[in-house]
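> here are the coordinates; sequence isn't available:
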């Protein structure tokens with residue numbers, strides 16, 4: 001069916017007057033009248049009641065008008081989407097974050113993206129590092145954020161920002177005598193660290209930083225999430241290491257946070273994606289993520 005007929009029908013059905021409909025469409029009245037007869041012939045139903053001076057819609061015409069409006073709206077949206085795609089926009093981005101990340105940074109990045117591109121739908125999921133790799137590989141995810149760059153073939157890990165590593169201790173602990181804790185002092189105590197297969201993938205970064213201190217690690221437990229680590233620290237099993245801004249969002253009274261003395265070691269957060277040229281929306285999102293890193297450095 002010619003879409004032009006539907007457009008003409010909507011005008012006539014809403015105006016209920018051929019002359020006004022023709023004026024609205026910017027054409028002569030006779031083509032509009034002929035189009036309505038052709039449309040009724042194609043459908044095999046009567047759309048208008050012409051038995052009186054006033055043009056009225058039949059019940060079939062009323063139902064058809066509702067459907068035509070939906071078709072018109074769909075076509076208009078298709079045109080807008082095509083034009084937006086030509087300018088580099090797409091409908092949505094699928095983004096995953098994992099346990100242990102600096103959530104305030106993520107929130108700021110998402111808020112900025114929503115402000116700058118309100119038409120972009122950003123769907124956020126919480127997935128452990130290993131599952132992010134799988135869903136990226138299966139094209140079920142566009143971007144992931146994790147504390148590991150140990151990706152396999154076909155994926156890319158780009159550093160987007162760093163956060164200083166802080167020491168997490170029970171609410172009552174000898175290390176609280178220090179405003180800033182020397183790393184060598186912290187390593188004298190038992191440690192609760194993330195398991196190598198933990199959700200955030202942070203273990204290899206933290207272990208490498210601690211081993212650089214040259215002190216043997218007194219590992220008492222390995223945990224799979226930040227929440228479990230904080231629970232064991234709060235219970236006095238040992239001390240831990242994490243990003244302070246993330247721990248602070250949890251507001252736990254059983255633990256305390258202290259920065260490390262001197263030039264503190266930092267944890268890198270990585271943006272994970274499939275290898276290859278990213279889409280224009282992904283490029284802009286990545287630029288915002290890296291821009292946040294640059295502003296933090298300044």
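On my side now, so go ahead. Only a predicted model underlies this, so the values are computations on that prediction, with no experimental measurement involved.
> Going by C-alpha atoms from here, please, whenever you check contacts or count neighbours.
Fine.
> Next, residue 158: secondary structure please.
strand (DSSP: H, G, I helix; E, B strand; the rest coil).
> can you tell me the average pLDDT over stretch 194-211?
In this model, stretch 194-211 has a mean pLDDT of 81.
> quick one: buried residues of stretch 223-239?
For stretch 223-239, the neighbour count (16 or more other Cα atoms under 10 Å) marks 223-226, 229-230, 232-234, 236-239 as buried.
> Just those: which are in helices?
Counting by DSSP state H, those place 226, 229, 230, 232, 233, 234 in helices.
> Pop the domain breakdown of the protein in here.
Each domain of the chain is listed here as a residue range: 1-73, 87-158+268-290, 160-265, per the TED database.
> export the ones you listed to a markdown table and tack on distance to residue 79?
Listed next are these as a markdown table, based on distance: least, Cα to Cα, whole Å:
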| stretch | distance to residue 79 |
| --- | --- |
| domain 1-73 | 10 |
| domain 87-158+268-290 | 13 |
| domain 160-265 | 35 |
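> doesn't residue 270 make contact with residue 156?
No - judged on Cα atoms under 8 Å, residue 156 makes no contact with residue 270 at a distance of 9.3 Å.
> out of these two, which sits in the busier spot?
residue 270 (20 against 16; other Cα atoms under 10 Å).
> Spit out the contact partners of the more buried one.
145, 146, 147, 148, 149, 157, 158, 159, 160, 161 (Cα atoms under 8 Å, 6 or more residues apart in numbering).
> Could you measure from the closest residue to it other than its chain neighbours over to residue 243?
Sequence neighbours aside, residue 159 is the residue nearest to residue 270 in space, at 4.3 Å (criterion: Cα to Cα, 6 or more residues apart in numbering). Distance, residue 159 to residue 243, using Cα to Cα, to the nearest Å: 16 Å.
> Those two: which is more packed in?
Each of residue 159 and residue 243 has its neighbours counted (other Cα under 10 Å); residue 243 has more, 22 against 18.
> Spatially nearest residue to that one, not counting backbone neighbours?
Here the residue nearest residue 243, using Cα to Cα, 6+ apart, is residue 165, at 5.3 Å.
> any idea which element the one you found lies in?
Assigned by DSSP states H and E, residue 165 falls within strand 155-170.
> And the helix or strand following that strand, what's buried?
Where DSSP H and E defines the elements, the next helix or strand beyond strand 155-170 is helix 183-186. Going by neighbour count (16+ other Cα under 10 Å), the buried part of helix 183-186 is 183, 186.
> ok, and what's touching the helix or strand following helix 183-186?
With elements assigned by DSSP H and E, the helix or strand that comes after helix 183-186 is strand 191-194. For strand 191-194, contacts defined as Cα under 8 Å, 6+ apart pick out 202-203, 217-226, 229, 232-233, 237-241.
> Now, the residues you listed that are in strands?
219, 220, 221, 222, 223, 240, 241 (DSSP state E).
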